[in-house]
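Visitor: kindly generate the corresponding structure for this input.
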Amino acid sequence: MGKSVRVEIHGETSSTSLRSLYSSLAQEPAWRGRVDVIKAPHPPETLSSSLPEALVIALVPGGAVSILVGAVVAWARRQAVGDVVCKLSRPDGTSVEVSAPIARSLRGADELSALVADVVRRLEHGAGAPDGE
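Guide: Sure, this is the predicted structure:
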């Protein structure tokens, strides 16, 4: 797997949500110094600052993908309203989406673990790849 994962958020409040996810990850010791904000370019004639477009998270070997996916799913579950969708992408273009409404609908540790495992498998092996490939 690549050495980084790009996270984009789609929804009504994507820039606010992206800042929220950044804050959530930045508070965790495992991600301090590993999360960068990518800002969207803005037209030169505007005075406003660029809005965040994506996060890029540097990974380290040894289960970092599982930890990252778990953190993103936990964050998505805390989004009380809205149809926020987090798109996690590898440098090779493989991507997986995590929907806040689906994450909020999970009941119990087994469903949560199953979602995290599925997202990790898809991100590591591609959406259509069987386990162990």
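
Visitor: so which helix or strand takes in the nearest residue to Gly70 once chain neighbours are set aside?
Guide: Spatial nearest neighbour of Gly70, excluding adjacent residues (CB to CB, 6 or more residues apart in numbering): Val116 at 5.2 Å. All C-beta spots, glycine's among them, are computed from the backbone N, C-alpha and C. Following DSSP states H and E, one finds Val116 within helix 108-125.

Visitor: circling back to that earlier point, I'd say the residue nearest to Gly70 and Leu68 touch.
Guide: No. Here Val116 lies out of contact with Leu68, judged by CB atoms under 8 Å, at a distance of 10.0 Å.

Visitor: so for these two, which sits in the more crowded spot?
Guide: Leu68 (25 against 22; other CB atoms under 10 Å).

Visitor: next SSE downstream of the helix or strand hosting that one?
Guide: Following DSSP H and E, the helix or strand that holds Leu68 is helix 64-78. Under the assignment DSSP H and E, the closest C-terminal helix or strand after helix 64-78 is strand 85-89.

Visitor: so which bits of that following strand are buried?
Guide: Within strand 85-89, the residues scored as buried using 16 or more other CB atoms under 10 Å are 85-86, 88-89.

Visitor: any idea of the mean pLDDT for that strand?
Guide: Averaging the model's pLDDT scores along strand 85-89 yields 93.

Visitor: neighbouring strands for that strand, and are they parallel or not?
Guide: Sheet pairing here is set by DSSP bridges, and for strand 85-89 it gives strand 4-10 (antiparallel), strand 95-99 (antiparallel).

Visitor: can you list contacts of the first one?
Guide: The set of residues external to strand 4-10 that reach it, using CB atoms under 8 Å, 6 or more residues apart in numbering, is 14, 17-18, 21, 38, 53-59, 65, 68, 72, 84-91, 123.

Visitor: which strands or helices does the helix or strand just after that strand pack on?
Guide: Next in sequence after strand 4-10, counting helices and strands by DSSP H and E, comes helix 14-26. Here helix 14-26 touches strand 4-10, strand 35-39, strand 52-58, helix 64-78, going by 3 or more CB pairs under 8 Å, 6 or more residues apart in numbering; DSSP states H and E.
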